[in-house]
Structures are given as C-alpha cells and as structure tokens.
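Participant: Fold the following and give me the result.
(one chain, ligands or ions: 1)
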Amino acid sequence: MPSANSEQVTIVSIYPALLGTYGDAGNVLALRHRAALHGLEARIIEVAAGEPIPAQGDLYVLGGGEDSAQTAAARGISADGNLASAAAGGAAVLAICAGYQLLGEYFPDATGQPATGLGMIDIRTDRLPRRAVGELAAESLIPGLPRLTGYENHGGATHLGAEVQPLARVLAGVGNGDGTEGAVAGHILGTYLHGPGLARNPALADLLLGWCIGRELEPIEEPDVEALREERLRTVLGEAWNRPA
Ligand code: GLN
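Facilitator: Sure thing, here's the model as predicted:
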C-alpha cells in the first residue's frame, strides 16, 4: 500500500474496450507498475464509450483500434471537450496508433475519406501505400531515452506540422511513413508502438509519469524487461541492436 503522503497520479483510460484491439490497455497496467516502482500511487479511472471524460486527470491514455471504432471514438471524445481542455491545462496524453491519429486534424475513416479529428496536435493522417504490419524499432529523439521497440499495424501515414517533434527516427518498420515515428507536442505523446508500448519501453512510462509529477524519475531497470527488449531489438536489428545507427 502506498503511504498516505505518497504522490498520486490520476490516469484516465479512455474507451479501453473500443480502443483496445491491440492489447494497448496493458499500457495502464505498465504505468501502474512503474508508478509503484517509483513510490507513486496510480489512481486509474476507466471511461467506457458514451461516458463523459473526467476533467481532472493527470494522464490520459488512448489505444489503437480499427477505422470505424476510431471514428466513433473521435466523435465521442469531442462531445464534452474535456480531453482537449485537460491537455491545454497541462495534463499529459499518451495516444497509440488510432488514438494518436485521432488527436490530429483528420484521419481516414473506414471508406478512406478524411474524418475530423480532435485538432489537439498539428498532425494529419492519410493512407500509406501499403498497410504497415510488423516489428517497429526506432531511435528516440528525446534525449536520454533508450531505443524504442514495439510492433505496428496501421494503414495510416501521419504528417507532422512545424510545431510538432517526431518521437523517434525509424530503424526498422514504418512508423509515421516518412522515416520518423510518433510525435511529441508539449505533454502530448503519440506513437504507433504497440506491445503494449509502455511494457516494452518502460522509460516512456517513466517519462509520462515524470511529466505528471513535474520532475524526472530515476531510471530503474528490470532484468526481465531488459531481456525482452534485447530479444525484440535483436530480432529486427541483428547484432547491431544496441549500436548507434
Ligand atoms: N485504423 C488506423 C489505421 O489503420 C489505426 C489502426 C490501429 O490503431 N492499429 O491506420
């Protein structure tokens, strides 16, 4: 049990059933686990589709989903405007794949036509020439963050506006479709990394938790996680898995 005066982080899991096709609900478990390792208390609020988004979260988490679920999710989330206002007030957002795309200006619906996104970050998504399915490895562009690993499964190509930084440079796989992967704008982090992404990249979980509490967390390595990361990175990058590219 966390002590009464431990720092608390409120994590809001948005539509985990609707945006949960790829196991991304595991990101919330990874956050809770990492929070506990750092002596933080994670309070988790799950929001089912159709329910209002609470305004008081420290960190909002969105997962991936198929095109029609994604369009429904964008419509539902925009209904009360609470996610956009929480983010504008400094709350952190982790958005994976469909969740990432729907934070932007538009993304393709199930017929390929542009559906209106939430307009929370300056990104636009259209279609890749071919669906990206497979392992994704990328060199983080955030200083101090280790190499990123995950898998991707998406048809969207995401284009970043001038104010948005890519999260990483692709080493293997497709990511945004132009050699970059994911996006960071303030405390909003979008990525194509499934896995779940935070289970495979605990440093990303620590980055998000650090944003919530306003200080950087000390790195804590777990040997079994490091072994998984090495195995996955070795599979796609070979012997050079940990050498600067
Ligand atoms: N429907 C989106 C696409 O195919 C997102 C897919 C996903 O979330 N994995 O690009």
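
Participant: Next to the ligand, which bits of the protein? Give me the list.
Facilitator: Tyr22, Gly64, Gly65, Glu66, Asp67, Gln70, Cys97, Ala98, Asn153, His154, Gly155, Gly156 (C-beta under 6 Å from any ligand atom). Where you see a C-beta, it was placed from the backbone N, CA and C, and this is true even at glycine.

Participant: confidence score at the third one?
Facilitator: This points to Gly65. Per-residue pLDDT puts Gly65 at 96.

Participant: quick one: it from Ala49, how far?
Facilitator: Going from Gly65 to Ala49 by C-beta to C-beta, to the nearest Å gives 11 Å.

Participant: give me phi/psi at Gln113?
Facilitator: Per-residue torsions, Gln113: phi -80, psi 150 (degrees, to the nearest 10).

Participant: ugh, wrong one, I meant Leu141
Facilitator: phi -100, psi 0.

Participant: Next, count neighbours for it.
Facilitator: Neighbourhood size, Leu141 [other C-beta atoms under 10 Å]: 15.

Participant: Check the gap between it and the ligand for me.
Facilitator: From Leu141 across to the ligand, the span is 22 Å (C-beta to the nearest ligand atom, to the nearest Å).

Participant: Could you tell me the model confidence score at that residue?
Facilitator: Looking at Leu141, its pLDDT is 97.

Participant: what's the answer for the one 3 residues further on, then?
Facilitator: Predicted confidence (pLDDT) at Gly144: the value is 91.

Participant: Now do the contacts for the closest residue to Glu105 other than its chain neighbours.
Facilitator: Of all residues not flanking Glu105 in the chain, Arg124 sits nearest, at 5.0 Å (C-beta to C-beta, 6 or more residues apart in numbering). Going by C-beta atoms under 8 Å, 6 or more residues apart in numbering, Arg124 touches Gly104, Glu105, Tyr106, Phe107, Thr158, His159, Gly161.

Participant: Doesn't Arg124 lie inside a strand?
Facilitator: Yes - assessed by DSSP: H, G, I helix; E, B strand; the rest coil, Arg124 belongs to a strand.
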